[in-house]
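> One predicted model, sequence on top.
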Amino acid sequence: MTPSSPSAPLGRRRAIVGGTIGHAIEFFDFTVYGFLAVYIGKLFFPSGDATAELLSSFAVFGLAFFARPLGGFVFGPLADRIGRKRVLVLVLTLMSVCSVLIGLLPTYASIGLWAPVLLVVLRCLQGFSAGGEYASGSAFLLEYAGRGRRAFGMSWLTFATTLGLAIGTLAVTGVSAAVGAEAMAEWGWRIPFLLAAPLAGVAFWIRIKLEDTPEFTAMADEGTLDPNPVRTMFAERRPLWIIVGIGAFHTASFYGVFTYLPTYIGTVNKYGATFALVSTLITAVAVMITLPVVATLSDRIGRKPVLLGGSVAFAAAVYPVFMLITVGVPAVAMIGQLLLGVLAGFYLAASAVAMPELFPAPVRGTGVAIGFNVPNAVFGGSAPFIATFLIQQTGHIASPAWYLLALAVAAAATAFVLRRGDLHDDGFVLDHEQAAPRRLEDPA
């Protein structure tokens, strides 16, 4: 049975739901740290300087991203050799165990330097896990999505990422409201991490019952799995350069909107953590609505125009929005975050599917894992740190906008040079029935 066969729709829907829920919980585990960075900075990196504490906390946030390429080198080829589903179960388990352990970790006041050291180790293990989650999830959903609806099917992966963030926002907001600011700073911050245990239990049960993709199963049955997907992938460099250009803005726009802006609105502009979290939740809901709608458009007109439109619109809006957030009106700040979120969602709806479409099935997990995780580490995980650092160095609180603007321009340039033959199957819908997709050749 192929992913596009008439008998596949029920299994396809079940797989997409299962992959989406698991990815949402995994992303909840990974990103809840960003929401609690202010508390963690004070408890694990006490210095008496609020900015230094926040920088230290965001540095650990970024460090976890630098573990992602290593996880990609391990889990990506593994997904191409033993299957997408097995890797998805494995990385979910690792991520959730680390999240619970962070929730139980003693602070600097209790064990001194061991506290930040252990925090760094656990966050790096989470990054290692995340390096396999996105790549395996991308291959899994793309191969189940069905021809002509791949952007729509893949949009649920980014939907799940945003949903995990929304769940994290609700968890942090709810716990903060229930226990109060003082208790939240002392011990309440632990609760969202500990929620990983029951949530992961549900996701694990769902994932373990899924079947691997028909495309991977067919390759396994026919004996056509690539024994060395890393070597095969590196035989042709163009897909790797393209995924870096797409992935850098994909990750920076998401984390800029959903990890840095809450801190920017709540701490830098002093609107408070509760207001920032509510603004982020509203933005997340708007993005989740945007994703499947724009993805459907991408399935009809192709990836290139959507990638171009999303990156150019974001580039045009980012600096004015950052300036508006500084005017001192909370409602304007919320509208600004909402606008940037929707524009980022417009781009993400096409970039999420374009990245795995750059690689054929035998090396898809490897290609996304290695090609995406490097820019994800360099440009995504470091975005909150760079933004905070820019403000500290320049004294201009809207200076982080220039960082996001530069990456948006680079993304637009990448989309502009995208050509037919770069993307497999549905990426250029106007000619995907006429031209056979390009395949990477094994140099051996």
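Perfect, thanks for sending it.

> and residue 290, what is it in contact with?
Contacts for residue 290 (CB atoms under 8 Å, 6 or more residues apart in numbering) come out as 342, 345, 346, 349. C-betas here are computed from N, CA, C, even on glycine.

> any idea where the helices of the stretch 1-150 of the chain begin and end?
9-35, 37-44, 50-66, 68-82, 84-104, 108-111, 114-145, 150-179 (DSSP state H, counting those that start in this stretch).

> Could you measure from the closest residue to residue 416 other than its chain neighbours over to residue 337?
Spatially, and ignoring its direct neighbours in sequence, residue 416 is nearest to residue 308 (6.5 Å; CB to CB, 6 or more residues apart in numbering). From residue 308 over to residue 337 the distance is 24 Å, taken as CB to CB, to the nearest Å.

> swap in residue 274?
For residue 274, the distance to residue 337 equals 15 Å [CB to CB].

> quick one, which of those two is more surrounded?
Comparing residue 274 with residue 337 by other CB atoms under 10 Å, the one with more neighbours is residue 337, at 23 against 14.

> Which helix or strand contains the more buried one?
helix 330-357 (DSSP states H and E).

> ok so, going back, just the closest of the contacts of residue 290 to residue 15, please.
For these, the closest approach to residue 15 (CB to CB) belongs to residue 349, at 19.8 Å.

> Return the residues in contact with the closest one.
Taking CB under 8 Å, 6+ apart as the criterion, residue 349 is in contact with 151, 155, 158, 290-295, 297-298, 306, 310.

> before we move on, the earlier item: and for the residue nearest to residue 416, the neighbour number?
19.

> just the one 5 residues further on next, same as before
Around residue 313 there are 18 other residues, counting by other CB under 10 Å.

> Verify the stated contact: it with residue 342.
No: judged on CB atoms under 8 Å, residue 313 makes no contact with residue 342 at a distance of 9.4 Å.

> what's the closest non-adjacent residue to residue 191?
On the basis of CB to CB, 6+ apart, the spatially nearest residue to residue 191 that is not a chain neighbour turns out to be residue 175, at 4.8 Å.

> what's near enough to touch that neighbour?
Applying CB under 8 Å, 6+ apart, the residues near residue 175 are 184, 188, 189, 191, 192.

> The first one contacts residue 40, doesn't it?
No: counting by CB under 8 Å, residue 184 stays clear of residue 40, with 11.8 Å between them.

> and these two? which has more neighbours close in?
The residue with the greater number of neighbours, taking residue 184 and residue 40 and applying other CB under 10 Å, is residue 40; the counts read 26 against 21.

> How much space separates that one from residue 122?
Counting by CB to CB, the gap between residue 40 and residue 122 amounts to 12 Å.

> lowest average confidence, helix or strand, in the chain?
Ranked by mean pLDDT, DSSP states H and E, the weakest helix or strand in the chain is helix 50-66, scoring a mean of 72.

> before we move on, what SS does the residue nearest to residue 176 when sequence neighbours are not counted have?
When the adjacent residues along the chain are set aside, residue 176 lies closest to residue 184, with 4.8 Å between them (CB to CB, 6+ apart). The three-state label given to residue 184 by DSSP: H, G, I helix; E, B strand; the rest coil is helix.

> Now for residue 184 and residue 40: what residues contact both?
Residues touching both residue 184 and residue 40 (CB under 8 Å, 6+ apart): none.

> that older thread, any idea which of the helices of the stretch 1-150 of the chain scores lowest on pLDDT?
Averaged per stretch, pLDDT over the helices of the stretch 1-150 of the chain is lowest on helix 50-66, reaching a mean of 72.

> Please name the nearest non-neighbouring residue to residue 47.
Distances taken as CB to CB, 6+ apart put residue 53 closest to residue 47, at 5.7 Å, once the chain neighbours are dropped.

> Settle this for me: that neighbour is touching residue 37, isn't it.
No: taking contacts as CB under 8 Å, residue 53 lies outside contact range of residue 37: 9.1 Å.

> In terms of packing, which of those two has more residues around it?
Of the pair residue 53 and residue 37, residue 37 is the one with more neighbours under other CB under 10 Å, namely 24 against 21.

> For residue 320, see how far away that one is.
Applying CB to CB to residue 37 and residue 320 gives a distance of 26 Å.

> what's the answer for residue 46, then?
In terms of CB to CB, residue 46 sits 37 Å off from residue 320.

> more crowded one of these two?
When neighbours are counted by other CB under 10 Å, residue 46 and residue 320 differ, and residue 46 comes out ahead with 16 against 13.

> residues contacting that one?
Contacts for residue 46 (CB under 8 Å, 6+ apart) come out as 53, 108, 109.

> Closest one of the residues you listed to residue 404?
When these are compared for distance to residue 404 (CB to CB), residue 53 wins out at 24.1 Å.

> how close does that closest one get to residue 86?
Shown here: residue 53 relative to residue 86, a distance of 40 Å by CB to CB.

> if we can go back for a sec, any chance you could list residues touching both of residue 313 and residue 342?
Shared contacts of residue 313 and residue 342, defined by CB under 8 Å, 6+ apart, are not found at any residue.
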